[in-house]
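In: Based on what follows, work out the 3D shape:
(chains A and B)
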Amino acid sequence: MSGILASMIDGLLVGAVYGLAAMGLSLIWGVMDVINLTHGAMIALGMFGMYLLFSLTALNPYLLLLPLIAIGLVLGIFVYWLSVHWVVGRSQLMSLLSTFSVNMMVIGIGTALWSTSPYNVNFSLKGITFGDYTFTGNHIAAASSALVMALALELFLYRTRPGKAIRAVSDNREAAELMGISSTVVLAIAFGIGIALAIGSGALVSTLFPFTILSGAGYQLKSFVVTVLAGLGKPLGALGAGVALGLLEGAVTPFIAVSWIPLIEFGLFVVVLILFPRGIFARATT
Amino acid sequence: MLRVRISLLSVLFSLATSMLGQQTISIGFTVSKTGALNVDSLEQYRGFELWRDQTNAAGGIKAGGKSYNIQLVSYDDESNTKRVQQLYTRMILQDKADFLFSPYSSSLTATAAVVTEQYGKVMLTTGAAEEKTYKLGNHYLYQMFAPASQYLTAAVDALKTKDPKAAVAFVYEDASFSNAVVTPAKPYAQQQGFNVVFSEAYAPNTTDFSAIIDKVIASKATVLLGGGHYADGSTLARQLEGHKVPLKMVTLLVAPDSPQWTELGDAGVGVIVPSQWEPQTSFVVQYGPQGADFARAYSARYGTPPSYESAGGYACGLILQRAIEQAGDIDTAKVSAALNATDITTFYGKTKFATDPGSHGLQIGHAMVLAQWQKDKAGKLTKEVVWPLGAKSANLKYPMR
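Out: Take a look at the predicted model:
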């Protein structure tokens, strides 16, 4: 197997996790036009949630995803009522400030509890080897889990009544309310799902790399890039864009130092903003 | 009347005793209680702390007919250079520290050195091997660690005895210390006849080494030299193991010296660390405790064997103590003169400082060893000295697994 192919496969695997991290941001942004600046902090909470559950139970961490996502849903609904409900429909600056405040509270509490020292979830699965290259079991499990969660979200949004209600509110809130859909309840659930996805992605990242309470910030930045690439409110598109970003990283790194990757990623971000202002996967609407 | 006279005499005697008795020396430094340097910095701090407690228990530092109780003043620098700058200024101006010890790491020490030189305060540095800091015309800096240029040259020498045709890769943190180590090591490896097939620095706080590891595999390297500090070094070792990279020798800076390295399990086996000190090394001690006594006291106190960061911290205190005793005073100029004249062997090894203006304070007496994590007969991970050959406690295992 060639080095470039191996690098692209590694990029694809971690890109699936980028995509999952971005899906939550994309969903919230698309449904309620709120830029959720708690996103990074929630990813970090997912990391620590996995660390705590794994330390307590010693179970396979991939089995602990479901309870963590459930906790994330409840936490998301709580954060919605705490800071977002009051600013939905108002200027975007209000939602930025409101969610940023929650972000700082989470970081502050997290730092007090865990300081900024690195933590690890010490668990590894057997990898798969092709020639000189081994793809770690954890990367494969994390990418697979991300794909399953993305498909579950897609099924929820398109095959269930609450999911259709979320899409209806996202398309036209007033019309949805006229049809008897409680937009407040729907927005709370959508926000909760967005946070649950952030928590889930953080939990997966914790099985791959060491982390601190500040680690979410880097993934939040990638999430913004991925969300812009995919277009707002396109969760499955976000997964695809995350995978594409990971593939790009994998394709480029054999030829240049890895420290140049952020420059390339954010350069691409600017190019896409100019050429595809609605996102690569966004469809034109009349 | 007699009672009044006795009471008066007692009061006068107490007053005289306190005037002639214990005074306090205040030593300031920062500790990275949080942040990426936390693990290594804490070990260094423990060395300071143990020295303080043992010295105070023995009556303090005795100089010029007085006894000085040691008081340590420390703050959390959060592994952040901005905090180091603020805190060292505070310790000098507000806390009135008599002397300073460095923070942990070359980058934080370089920042602290600017402040201490500005205010003309003596600072002994430990946990800081970069040489550039001592070549800027300082007057009051004193380096305990052997300089960075020595770290990997020993690994290259050891490799030459095992596999002169090895293909070498350098993978290292893009930070002042690691750059200072690798910059002379690369040409040295080439001069010794090795083919350097890959070399790349990674950003500090890197956690995903997949891309670099794929490049190492593609380069067909059989030896990897580099790393940085504990967080990135341990992560790199874990991911090298996870990707089953076919390396015969891995030498990483700093990280494998920590007792926490055993948490890596199989990922830590066979990894080599250039070390400033190991418990197995023995010297003819001219001042302070024997190495075994230091190691025993440290283990009893902290429940873990000492790392070289801890030994460096303790030795830092010892050397300052001796300089104050030699000076007979805590005056900065006198203590500085005594430090300049230092040429002594402690449990830590030889300590001698350069005194020429172009490299004042650079450590020119201390030599490094290589230690490798090996499994003993019971399967337990232990760290053995494998180089130089005259100081080894076990043979270098090559290939490592």
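
In: And the helices in the stretch 151-300 of chain B?
Out: With DSSP state H, counting those that start in this stretch as the definition, the stretch 151-300 of chain B shows helices at residue ranges B:153-162, B:176-191, B:210-219, B:230-242, B:291-302.

In: Which elements pack onto the fourth one?
Out: What it means is helix B:230-242. Taking 3 or more C-beta pairs under 8 Å, 6 or more residues apart in numbering or on different chains; DSSP states H and E as contact, the helices and strands that helix B:230-242 lies on are helix B:38-57, helix B:210-219, strand B:223-227, strand B:249-253. Any C-beta I mention is one placed from the backbone N, CA and C, and that applies to glycine too.

In: which outside residues touch the second one?
Out: What it means is helix B:210-219. Residues lying outside helix B:210-219 but in contact with it, judged by C-beta atoms under 8 Å, 6 or more residues apart in numbering or on different chains, are A:2-3, A:6-7, A:10-11, A:14, A:132-133, A:139, A:249-250, A:253-254, A:258, A:261, B:167, B:169, B:171, B:197-198, B:200, B:202, B:224, B:239-240, B:243, B:245-247.

In: Dump it to PDB, keeping only the CA atoms.
Out: Presented in PDB, the C-alpha positions along helix B:210-219 are these (Å, rounded to 0.1, in the frame of the first residue of the first chain):
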ATOM      1  CA  SER B 210      -1.100   9.700  12.000                       C
ATOM      2  CA  ALA B 211       0.100  11.900   9.100                       C
ATOM      3  CA  ILE B 212       3.600  12.100  10.400                       C
ATOM      4  CA  ILE B 213       3.700   8.400  11.300                       C
ATOM      5  CA  ASP B 214       2.500   7.500   7.700                       C
ATOM      6  CA  LYS B 215       5.500   9.600   6.500                       C
ATOM      7  CA  VAL B 216       7.900   7.800   8.800                       C
ATOM      8  CA  ILE B 217       6.700   4.400   7.500                       C
ATOM      9  CA  ALA B 218       7.000   5.600   3.900                       C
ATOM     10  CA  SER B 219      10.600   6.800   4.500                       C
END
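
In: Next, the angle from that helix to strand B:223-227.
Out: Going by axes from the mean of the first three to the mean of the last three C-alpha atoms, to 10 degrees, helix B:210-219 is angled at 150 degrees with respect to strand B:223-227.

In: same thing with the last one?
Out: Angular relation of strand B:249-253 and strand B:223-227 on a 0 to 180 degree scale: 10 degrees, by the same axes, to 10 degrees.

In: Over to the longest one?
Out: Counting by the same axes, to 10 degrees, helix B:38-57 lies at 60 degrees to strand B:223-227.

In: next structured bit after helix B:38-57?
Out: For helix B:38-57, the following helix or strand on the C-terminal side (DSSP states H and E) is strand B:61-63.

In: Who are the packing partners of that next one?
Out: strand B:66-76, helix B:308-327.

In: returning to that earlier point: hey, which of the helices of the stretch 151-300 of chain B is tucked in deepest?
Out: Neighbour counts (mean count of other C-beta atoms under 10 Å in any protein chain shown) averaged over each of the helices of the stretch 151-300 of chain B peak at helix B:230-242, with a mean of 25.

In: who's in contact with residue B:328?
Out: Residue B:328 neighbours (C-beta under 8 Å, 6+ apart): B:63, B:64, B:334.

In: Can you say which of these are buried?
Out: Neighbour counting with 16 or more other C-beta atoms under 10 Å in any protein chain shown marks B:63, B:334 as buried within these.

In: returning to that earlier point: Serialize the helices and strands packed on strand B:61-63 to JSON lines and add fields for mean neighbour count and distance to residue A:145.
Out: Output for the helices and strands packed on strand B:61-63, formatted as JSON lines (neighbours: other C-beta atoms under 10 Å in any protein chain shown; distance: least, C-beta to C-beta, whole Å):
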{"stretch": "strand B:66-76", "mean neighbour count": "18", "distance to residue A:145": "37"}
{"stretch": "helix B:308-327", "mean neighbour count": "26", "distance to residue A:145": "39"}
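
In: near chain B, which residues of the stretch 101-250 of chain A show up?
Out: Listed as neighbours of chain B in the stretch 101-250 of chain A under the rule C-beta under 8 Å from any C-beta of the partner chain: A:111, A:115-118, A:122, A:124, A:127, A:129, A:132-134, A:136, A:138-139, A:208-211, A:215, A:249-250.

In: From those, which land in helices?
Out: Assigned to helices by DSSP state H, the following of those qualify: A:111, A:138, A:139, A:249, A:250.

In: Which member of those residues is positioned nearest residue A:53?
Out: Using C-beta to C-beta, residue A:138 comes nearest to residue A:53 of these, at 16.2 Å.

In: tally of neighbours for residue 140?
Out: Since no chain was named, I'll use chain A. Residue A:140 sits with 17 neighbouring residues when counted by other C-beta atoms under 10 Å in any protein chain shown.

In: To clarify, I was referring to chain B.
Out: Neighbouring residues of residue B:140 were enumerated by other C-beta under 10 Å; the total is 22.

In: That one contacts residue B:333, correct?
Out: No - contact status for residue B:140 versus residue B:333: not in contact, 9.4 Å apart, counting by C-beta atoms under 8 Å.

In: what's the nearest residue in space to residue B:162 that is not next to it in sequence in contact with, if anything?
Out: What sits nearest to residue B:162 in space, not counting adjacent residues and going by C-beta to C-beta, 6 or more residues apart in numbering or on different chains, is residue B:398, at 4.3 Å. Under the criterion of C-beta under 8 Å, 6+ apart, the contact partners of residue B:398 comprise B:159, B:162, B:163, B:248, B:249.

In: For these, work out which two are farthest apart.
Out: The farthest-apart pair in these, when distances are taken by C-beta to C-beta, is B:159 and B:248, at 9.2 Å.

In: give me the low-pLDDT residue ranges for chain B?
Out: Residue ranges of chain B with pLDDT under 70: B:1-21.

In: Nearest the geometric middle of it, what residue?
Out: In chain B, the C-alpha nearest the mean C-alpha coordinate belongs to residue B:127, at 3.2 Å (C-alpha atoms, centre = their mean).

In: With distance to residue B:353 added, can I get the helices of the stretch 151-300 of chain B in TSV?
Out: As requested, the helices of the stretch 151-300 of chain B are exported to TSV (distance: least, C-beta to C-beta, whole Å):
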stretch	distance to residue B:353
helix B:153-162	21
helix B:176-191	18
helix B:210-219	38
helix B:230-242	28
helix B:291-302	22
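
In: that older thread, now which of the ones in helices among the residues of the stretch 101-250 of chain A next to chain B would you call buried?
Out: Using 16+ other C-beta under 10 Å, the buried ones in these are A:138, A:139, A:249, A:250.

In: and of the contacts of residue B:328, the nearest to chain A?
Out: The shortest approach to chain A among these belongs to residue B:63, at 38.3 Å (C-beta to the nearest C-beta).

In: For the closest one, give me its contacts.
Out: B:324, B:325, B:327, B:328, B:329, B:330.

In: which residues touch residue B:145?
Out: Residues near residue B:145 by C-beta under 8 Å, 6+ apart: B:125, B:126, B:127, B:128, B:129, B:276, B:312, B:363, B:366.

In: Contact residues of the stretch 51-200 of chain B facing chain A?
Out: When proximity is defined by C-beta under 8 Å from any C-beta, the stretch 51-200 of chain B lies next to chain A at B:78, B:79, B:174, B:200.

In: Over to the nearest residue to the second one once chain neighbours are set aside: give its phi and psi.
Out: Okay, so that is residue B:79. The spatially closest residue to residue B:79, leaving aside those adjacent along the chain, is residue B:35, at 2.7 Å (C-beta to C-beta, 6+ apart). Here the main-chain torsion angles of residue B:35 (degrees, to the nearest 10) amount to phi 90, psi 180.

In: Enumerate the helices of the stretch 51-200 of chain A by residue range, in sequence order.
Out: Listed in chain order, the helices found in the stretch 51-200 of chain A under DSSP H, counting those that start in this stretch are A:65-79, A:92-114, A:137-159, A:161-171, A:173-178, A:183-206.
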